[in-house]
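In: Below are the sequence and a predicted model; questions follow.
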Amino acid sequence: HPARAKRVIYLFMAGGPSQFETWDHKPLLNERHGEELPASVRMGQRLTGMSGNQATLPMAGSIYQFARHGRNGTWVSELLPHTAKSVDDLCLVRSMYTEAINHDPAITFLQTGAQISGRPSIGAWVHYGLGSDNENLPAFVVLVTRGKVDQPLYARLWGSGFLPAQHQGVQFRAGADPVLYLRNPDGITPASRRLMLDRLKELHELAAERLGDAEVDGRIAQYEMAYRMQTSVPDVMDLAGESGATLELYGPDATKPGTFAANCLLARRLAERGVKFIQLYHQGWDQHGGLPAGIKQQCKETDQPCHALLTDLKQRGLLDDTLVIWGGEFGRTAYSQGRLTATDYGRDHHPRCFPVWLAGAGVKAGLVHGETDDFSYNVVKNGVHVHDFHATLLHLLGVDHERLTYFYQGRRFRLTDVHGRVVKALLA
């Protein structure tokens, strides 16, 4: 089927943002603040070891206000005033759910389609299935916000797993060397580097002919890409050509390398240059305690850049064929982890429901899909499993998730394993 999206920008909020302070308005929680979570709501579902031994599970209403925005009156938290301006461009899914209750398996599940490490990441599958639109930049680029301390991120989250190595993501970093080991050492000229690569390629080709190993072909491709990136990467990282109005749109952090704002601006620049899958990670959402202050800071760092990215893409005509995704690995509990006061509380991990939003190519703008119960503890309508999310993402890229497979260790693997359905209600 025809592709609606040519590229993806995935804004991954690592740690599990609370739905109660962002996208899922639950006024009943405020009315019943401090009361015990009803057993009829929990229904015996498992808890983590961090709150499972609490004597009580007191419900915690959000201290932040919600208001209606956009043509359809979508409820949005006061912590997201900028993104609220773009709500008519969003396809908000309130009913995502996952199977993992702890960070590592949950993030691995969202990023690779399996809770156990070793599978290819989404971007690697996309590169494997669709190739590249730019021979001078990687098809799959990763940007991680600098200086955030929270749950760790691993390179395997953007790895190629059992796919050939050239499909793995390439991390661009803040600083003098955006890609490690890309610059020529002192005393090595571009001409001598080219001569060395030509001779090395000949040796690799002899090895490939003798061994028939796809990894050798992947190594050749990566060396050649690295050589081309010596000129293409400095160009994409140079913001000197951006107008003052554009920098102002992204906010005061836009010119500070490694910030979420700067990475959103780089994501747009990479999208312009044909990079097919651009993955941003922003850590710091794992608020087991001190949530009101913690999530306020997280939203301050991300809200304006998210709105700016959507606005910038739209102004340049790129949003029509770019799919933008925002979301974390799971949600948070309706009850407080630890001590509950009128102004402070924490929330534990909650896999049964959490929000994500999509915008741009091929999705219904202004849609709110799915519902949770009055405590945002369970999905009550139109649940979207992680495998369904992946199937829909690939569908928007023109790929049948059941046909994108790779034969490994005696069976055919795919991103959605043996599950997943396209959520057609999200499609424009």
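Out: Noted; the coordinates are in hand. This one's a predicted model, so the numbers in the text were calculated from it and none came from an experiment. Numbers count the residues shown, from 1 in each chain.
In: quick one: the helices in this protein?
Out: Here the chain has its helices, by DSSP state H, at 27-31, 39-42, 81-85, 103-112, 122-130, 190-211, 214-237, 244-250, 260-272, 291-315, 386-396.
In: Tell me which residues of the fourth one come out buried.
Out: Burial within helix 103-112, assessed by neighbour count using 16 or more other C-beta atoms under 10 Å, is assigned to 103-112. Just so you know, the C-beta spots here come from the backbone N, C-alpha and C atoms, and that holds for glycine as well.
In: Which two of the residues you listed have the greatest separation?
Out: His103 and Thr112 (14.2 Å; C-beta to C-beta).
In: okay, the helices of the chain in TSV with distance to Arg173 and mean pLDDT next?
Out: Output for these, formatted as TSV (distance: least, C-beta to C-beta, whole Å; pLDDT from 0 to 100):
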stretch	distance to Arg173	mean pLDDT
helix 27-31	41	97
helix 39-42	43	96
helix 81-85	26	98
helix 103-112	19	98
helix 122-130	17	98
helix 190-211	21	89
helix 214-237	10	87
helix 244-250	19	98
helix 260-272	10	98
helix 291-315	18	98
helix 386-396	26	98
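In: For Thr333, find the nearest of the ones you listed.
Out: It's helix 39-42; of those, that one is closest to Thr333 (C-beta to C-beta) at 9.6 Å.
In: Quick one: distance of that closest one to the chain centre.
Out: Computed by C-alpha atoms, centre = their mean, to the nearest Å, the chain-centroid distance of helix 39-42 equals 31 Å.
In: Could you do stretch 83-90 as well?
Out: Taking C-alpha atoms, centre = their mean, one finds stretch 83-90 lying 18 Å from the centre of the chain it belongs to.
In: ditto for stretch 394-402
Out: For stretch 394-402, the distance to the chain centre is 18 Å (C-alpha atoms, centre = their mean).
In: just stretch 56-65 next, same as before
Out: 27 Å.
In: Repeat that for stretch 269-285.
Out: 8 Å.
In: Could you list the buried residues of that stretch?
Out: For stretch 269-285, by 16+ other C-beta under 10 Å, it's 269-272, 275-285.
In: With Leu200 as the reference, measure out to the closest residue in space to His307 that isn't next to it in sequence.
Out: Nearest residue to His307 in three dimensions, chain neighbours excluded: His82, at 3.8 Å (C-beta to C-beta, 6 or more residues apart in numbering). For His82, the distance to Leu200 (C-beta to C-beta, to the nearest Å) stands at 49 Å.
In: between these two, who's got more neighbours?
Out: Neighbour count, other C-beta atoms under 10 Å: between His82 and Leu200, His82 has more, with 18 against 13.
In: so who does that one touch?
Out: Each residue near His82 by C-beta atoms under 8 Å, 6 or more residues apart in numbering is listed here: 303-304, 306-308.
In: Now do the strands in the stretch 301-428 of the chain.
Out: For the stretch 301-428 of the chain, applying DSSP state E, counting those that start in this stretch gives strands covering 322-327, 331-332, 349-350, 354-360, 367-369, 371-372, 379-381, 384-385, 406-408, 411-413.
In: Among the ones you listed, show me which one is buried the most.
Out: strand 331-332 (a mean of 30; mean count of other C-beta atoms under 10 Å).
In: And it, what does it pack against?
Out: Applying 3 or more C-beta pairs under 8 Å, 6 or more residues apart in numbering; DSSP states H and E, one finds that strand 331-332 contacts strand 349-350, strand 354-360.
In: How about residues contacting it?
Out: Applying C-beta under 8 Å, 6+ apart, the set of residues contacting strand 331-332 is 16-20, 287, 291, 347-355, 376.
In: try it again with 6 Å
Out: 18-19, 347, 350, 353-354 (C-beta atoms under 6 Å, 6 or more residues apart in numbering).
In: From Arg210, how far out is Ala5?
Out: Per C-beta to C-beta, Ala5 is found 41 Å from Arg210.
In: contacting residues around Phe162?
Out: Phe162 neighbours (C-beta under 6 Å, 6+ apart): Tyr408.
In: Next one: it from Tyr408, what distance?
Out: Phe162 is 4 Å from Tyr408, where distance means C-beta to C-beta.
In: now swap in Leu247 and tell me
Out: In this view, Leu247 and Tyr408 are 45 Å apart by C-beta to C-beta.
In: again with His349
Out: Taking C-beta to C-beta, one finds His349 at 31 Å from Tyr408.
In: what's the answer for Cys299, then?
Out: 41 Å.
In: ditto for His167
Out: Taken as C-beta to C-beta, the span from His167 to Tyr408 is 13 Å.
In: Distance to Leu367 for the helices of the chain - can I get that in CSV?
Out: Formatted as CSV, the helices of the chain follow (distance: least, C-beta to C-beta, whole Å):
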stretch, distance to Leu367
helix 27-31, 22
helix 39-42, 27
helix 81-85, 16
helix 103-112, 21
helix 122-130, 22
helix 190-211, 49
helix 214-237, 33
helix 244-250, 25
helix 260-272, 23
helix 291-315, 15
helix 386-396, 13
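In: of all those, which lies closest to Tyr10?
Out: Closest approach to Tyr10 among these is made by helix 122-130 (7.4 Å; C-beta to C-beta).
In: circling back to that earlier point, JSON lines for the strands of the stretch 301-428 of the chain, including distance to Leu427 and mean pLDDT?
Out: Formatted as JSON lines, the strands of the stretch 301-428 of the chain follow (distance: least, C-beta to C-beta, whole Å; pLDDT from 0 to 100):
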{"stretch": "strand 322-327", "distance to Leu427": "11", "mean pLDDT": "98"}
{"stretch": "strand 331-332", "distance to Leu427": "24", "mean pLDDT": "98"}
{"stretch": "strand 349-350", "distance to Leu427": "28", "mean pLDDT": "98"}
{"stretch": "strand 354-360", "distance to Leu427": "10", "mean pLDDT": "98"}
{"stretch": "strand 367-369", "distance to Leu427": "10", "mean pLDDT": "98"}
{"stretch": "strand 371-372", "distance to Leu427": "19", "mean pLDDT": "98"}
{"stretch": "strand 379-381", "distance to Leu427": "18", "mean pLDDT": "98"}
{"stretch": "strand 384-385", "distance to Leu427": "13", "mean pLDDT": "98"}
{"stretch": "strand 406-408", "distance to Leu427": "26", "mean pLDDT": "97"}
{"stretch": "strand 411-413", "distance to Leu427": "26", "mean pLDDT": "97"}
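In: Out of those, which gets nearest to Gly61?
Out: Of the strands of the stretch 301-428 of the chain, nearest to Gly61 by C-beta to C-beta is strand 331-332, at 13.0 Å.
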